[in-house]
Structures are given as structure tokens and as C-alpha cells.
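[1] Sequence plus predicted model, see below.
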Amino acid sequence: MSTQISKPTEQRIGSDSLPANSTLVDELEDLSIGAIEERLEAASERFYYASQWQLILWRFRRHRLAVLSLVLLIALYGLATFAEFFSPYLATSRFPGLQMMPPTRIHIFHEGKLHRPFIYAQQRSLDPETFRYIFVEDTSTPYPILFFTQGEEYKLWGLWSANLRLFGTGPDAPPIMLFGSDPLGRDIFSRTIYGARISLTIGLLGVAISFLIGVIIGGISGYFGGTIDEVIQRLIDVIISIPLIPFWMALSAALPRNWTTVQTFFAITLILAAVNWTGLARVVRGKLLALREEDYALAAQVAGASKPRIIFRHLLPGFTSHLIVSITLSIPVAILGETALSFLGLGIQAPAVSWGVLLQDAQDLMVVAQQPWRLIPAVFVIGAVLLFNFVGDGLRDAADPYST
């Protein structure tokens, strides 16, 4: 009896159609022919009896860039959720005499000896030649960076009082400002972490609202057709024809300036959702036009199922994967929309903090030339948009049954 593995069996072992398992091939080398055949049969059954979501998950895991992006996005939302803990100072804390200070340098050597990470105090002085304030380190005393230290008191999510910070320098030491400070002496790193809470949350809430509107209106248009479909499609044409930025600006300018931060937040969310549902509605309409004539839809109709049940219970699950990809790719648009509105002074207003508000403070040409560290929040905007796009690409490839 031959102990060689046949050619077809070798191809089955390396087939891309099987679920990804990094240890399967290594284990097969030490197994007998019977055990190999049992393992291959079990893997084949696992593949053929897997649900749609399991297949999507297996394919998504193979997209390493998308998986890494998803991990980074989870970390970014973790920073935003626990901004009070991860930021060394409050978003409104000011440090007199340290206005427009460049990012703090972290050292590990003092007088030629190795130390734990520390910083030096900054001495501010006026340059008599350029008439600009410059900062010089006072290297006489090192101030170690402390982890899980006590800092300014805050209320976590506005509910529980606490003062534990991830890192800091202590009450009697100079402040550590990883991203430098603004003209009021506020830590840009802390404000960037706090700003992520509004910018990222608006993206999620805005897309959630536009998703519901798009699915409901698109489902009604695609399933019923006729006059209802014609009216809805003409409404979508009108909305799409309106210039986006001027439309946002007009709606934002109509908001009362005496509204609280929470009221403005939800108003901006509704504004972003008001124009982002049209594309999804048309996609849902096109899918339902094709699926409503399928046998299972007709069978549900003959069985007496209600029209909402046929739409949401039988038809929409047929392209749920596409809807998830659409949501993922729409969130960056909402984030950019909030950033643009706040940058133009029509969105979130100070003292609230968002990435758009931080960039609004840095729109002066002098900032770009002399204080480039104040543009660091733009890096977070670009990074968040890219991460969402990478995750969306991975989900699209995983959900597409015809992709290789």
C-alpha cells in the first residue's frame, strides 16, 4: 500500500477554499493516510456547512491589513471612551507661561547616566532678534514620567469622580505635553484625545441614522414600485443635486448659537444623516427589485406574510453583507463632514472639543510655518479615515463570493 499522498489530496490540502487554519498543514505531516483523510473530510464539512457569517469571518481574517486596521480602530475608540484616563490633563486645563510650547522631549540619560524616562522643565524667553518666544530646557533637574499616577480630578462619563491618569509628572513637576500647547497653554495631546470622542461618535451616530433612513425608504421604494418608487426616486434626485458643503453650511448656520454642546452635537449628527442616506437607499431599491421576484419571496407572500416582514425578514438578509460594507465606508464621510463643518466654524463650537475645532485653531498661515505641531489632529483625522477604508475593503472582499 502506497504511503504517498496523491496529487488531488495535495491540492485539497492547499486549497484556498478551505477555512484558514495555520496549524492544519503542520499537523498533516505527522499523520497517517487515514487520519489525513479524516481531517480533510472534517475540514470540508466545516466549510460546506458553515454559515454566511462564518465564511465572511474566515475570509476577513486573511486580509491582514483590514484586521490590523480593525484592531487600531478599536484602540482609537478605547482612547475616546476613556479619554479622561488616557489624557494627562483636562481639555480645558491651562498652564500660564507655556503658551505655544513645542512638544515636550522625553529623555532617558541625565549627566551621562541612564534613567527612567523623564522630562526637563521649560524656560520661556523672548528672542531679541526674531521677537518670538522660544523655550529652552533647564537640564539641572530631571522630572520622571509617572504611570498610573494621581492627577486632576474628573468625572468619568460625567458620572463617577476619579483622578487616576495613565501617565503624568506629578503635582510639583512641569507638565508633559507630547503634542505641545496652544495659544492658551492647553495640552494639545489631551485635547486631541477628548476631541476623538465627539468626532468618532458623530461618525457612528450619523451613519446609524442614515442607515435606518436609507434601508426603510429604499426598501419601500424597491418593494412597492410604481408611483411610490417614482416619487421617492425624484426626491433622491433633488437631494443629490444640492451642493453638499453649501447645504451643510446653510443648515448649520440655522442652529441657534445659544444651544448647549449636547444640543449642537445631536443637531450636527442629524445634519450629516440628512444627506448621506440617498446612496444606500438606491442600492437597497435595486437589490429589492431583483429579489422580490425570487421564489422564496413569492412563497412568503403566498403564505400570508406581511409586507414589512417580507422586506425585513426575507429580502434584506439576502444582501446584509453589502449593507455592512456600506456602513463601514460611510463612517469616514461623516467624520470628514463634522471636521469640515467645525473647521469652518459652523459645527461644534468651543469650549467643546473635536478634531475640527482643533484644526480651526490652526488654520492661520503662521501656525503652519512656526507651530506645525498644532496640525497633529489632522493626522488623526487622516488616520481614522484610512483605517475605516481599509476595514471596508476587507469586508467587501470577504463578503464578495466572486473575489479571489
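    That came through fine. Numbers count the residues shown, from 1 in each chain.
[2] Do a quick rundown of the strands in the stretch 101-250 of the chain.
    For the stretch 101-250 of the chain, the strands defined by DSSP state E, counting those that start in this stretch occupy 107-110, 113-126, 133-144, 146-156, 160-168.
[3] Using JSON lines, please lay out the ones you listed together with mean pLDDT and mean neighbour count.
    Any C-beta I mention is one placed from the backbone N, CA and C, and that applies to glycine too. Below are the strands of the stretch 101-250 of the chain laid out as JSON lines (pLDDT from 0 to 100; neighbours: other Cβ atoms under 10 Å):
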{"stretch": "strand 107-110", "mean pLDDT": "89", "mean neighbour count": "12"}
{"stretch": "strand 113-126", "mean pLDDT": "88", "mean neighbour count": "14"}
{"stretch": "strand 133-144", "mean pLDDT": "88", "mean neighbour count": "13"}
{"stretch": "strand 146-156", "mean pLDDT": "88", "mean neighbour count": "15"}
{"stretch": "strand 160-168", "mean pLDDT": "90", "mean neighbour count": "14"}
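[4] what about the ones you listed, which gets the closest to residue 271?
    Nearest of these to residue 271, taken as Cβ to Cβ: strand 146-156 at 28.7 Å.
[5] Relative to the whole chain's centre, how far out is the closest one?
    Distance, stretch centre to chain centre, for strand 146-156: 26 Å (Cα atoms, centre = their mean, to the nearest Å).
[6] which other helices and strands contact that strand?
    If contacts are counted by 3 or more Cβ pairs under 8 Å, 6 or more residues apart in numbering; DSSP states H and E, strand 146-156 sits against helix 83-86, strand 160-168.
[7] what does that strand rub up against?
    Here strand 146-156 makes contact (Cβ atoms under 8 Å, 6 or more residues apart in numbering) with 82, 84-85, 88-90, 93, 161-171.
[8] With stretch 89-97 instead?
    Residues contacting stretch 89-97 (Cβ under 8 Å, 6+ apart): 84, 124, 151-152, 154, 175, 181, 184-187, 190-191, 194-195, 351, 353.
[9] From those, which land in helices?
    Counting by DSSP state H, the part of the contacts of stretch 89-97 found in helices is 84, 190, 191, 194, 195.
[10] separation between the second one and residue 253?
    In this case it means residue 190. Distance of residue 190 to residue 253, given as Cβ to Cβ, to the nearest Å: 30 Å.
[11] quick one: which of the two has more around it?
    residue 190 (26 against 11; other Cβ atoms under 10 Å).
[12] Could you verify my assumption that the more buried one touches residue 87?
    Yes: contact criterion Cβ atoms under 8 Å: residue 190 and residue 87 qualify, at 3.7 Å.
[13] export the helices and strands packed on strand 146-156 to CSV and tack on distance to residue 343?
    Output for those, formatted as CSV (distance: least, Cβ to Cβ, whole Å):
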stretch, distance to residue 343
helix 83-86, 21
strand 160-168, 29
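[14] Just list the residues touching residue 357, thanks.
    195, 342, 347, 348, 349, 350.
[15] which one among the residues you listed gets closest to residue 304?
    residue 347 (49.1 Å).
[16] ok but that closest one is inside a helix, no?
    No: secondary structure of residue 347 (DSSP: H, G, I helix; E, B strand; the rest coil): coil, not part of a helix.
[17] Pretty sure residue 341 is one of the things it touches, is it not?
    Yes: under the criterion of Cβ under 8 Å, residue 347 makes contact with residue 341 at 3.2 Å.
[18] Low-confidence ranges, the stretch 301-404 of the chain, go.
    Where the stretch 301-404 of the chain drops to pLDDT under 70, the residues are 400-404.
[19] Helices along that one, start to end?
    Using DSSP state H, counting those that start in this stretch, the helices of the stretch 301-404 of the chain run over 307-309, 320-343, 355-360, 365-370, 376-399.
[20] Let's have those in TSV, adding distance to residue 238.
    Output for the helices of the stretch 301-404 of the chain, formatted as TSV (distance: least, Cβ to Cβ, whole Å):
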stretch	distance to residue 238
helix 307-309	26
helix 320-343	20
helix 355-360	28
helix 365-370	39
helix 376-399	28
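[21] I'd like to know which of those is closest to residue 206.
    Of the helices of the stretch 301-404 of the chain, the one closest to residue 206 (Cβ to Cβ) turns out to be helix 320-343, at 4.1 Å.
[22] Give the buried residues for the closest one.
    321-343 (16 or more other Cβ atoms under 10 Å).
[23] Convert the C-alpha atoms of that helix to PDB, please.
    What follows is helix 320-343, C-alpha atoms only, in PDB (Å, rounded to 0.1, in the frame of the first residue of the first chain):
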ATOM      1  CA  THR A 320     -26.700  42.100   4.600                       C
ATOM      2  CA  SER A 321     -23.000  41.800   3.900                       C
ATOM      3  CA  HIS A 322     -23.300  44.600   1.400                       C
ATOM      4  CA  LEU A 323     -25.100  46.800   3.900                       C
ATOM      5  CA  ILE A 324     -22.300  46.300   6.500                       C
ATOM      6  CA  VAL A 325     -19.700  47.300   3.900                       C
ATOM      7  CA  SER A 326     -21.700  50.400   3.100                       C
ATOM      8  CA  ILE A 327     -21.900  51.400   6.700                       C
ATOM      9  CA  THR A 328     -18.100  50.900   7.200                       C
ATOM     10  CA  LEU A 329     -17.300  53.100   4.200                       C
ATOM     11  CA  SER A 330     -19.900  55.800   5.100                       C
ATOM     12  CA  ILE A 331     -18.400  56.500   8.600                       C
ATOM     13  CA  PRO A 332     -15.300  58.300   7.200                       C
ATOM     14  CA  VAL A 333     -17.600  60.600   5.200                       C
ATOM     15  CA  ALA A 334     -19.400  61.500   8.400                       C
ATOM     16  CA  ILE A 335     -16.100  62.100  10.200                       C
ATOM     17  CA  LEU A 336     -14.900  64.400   7.400                       C
ATOM     18  CA  GLY A 337     -18.200  66.200   7.300                       C
ATOM     19  CA  GLU A 338     -18.000  67.100  11.000                       C
ATOM     20  CA  THR A 339     -14.400  68.100  10.700                       C
ATOM     21  CA  ALA A 340     -15.200  70.300   7.700                       C
ATOM     22  CA  LEU A 341     -18.200  72.000   9.500                       C
ATOM     23  CA  SER A 342     -16.200  72.600  12.700                       C
ATOM     24  CA  PHE A 343     -13.200  73.800  10.700                       C
END
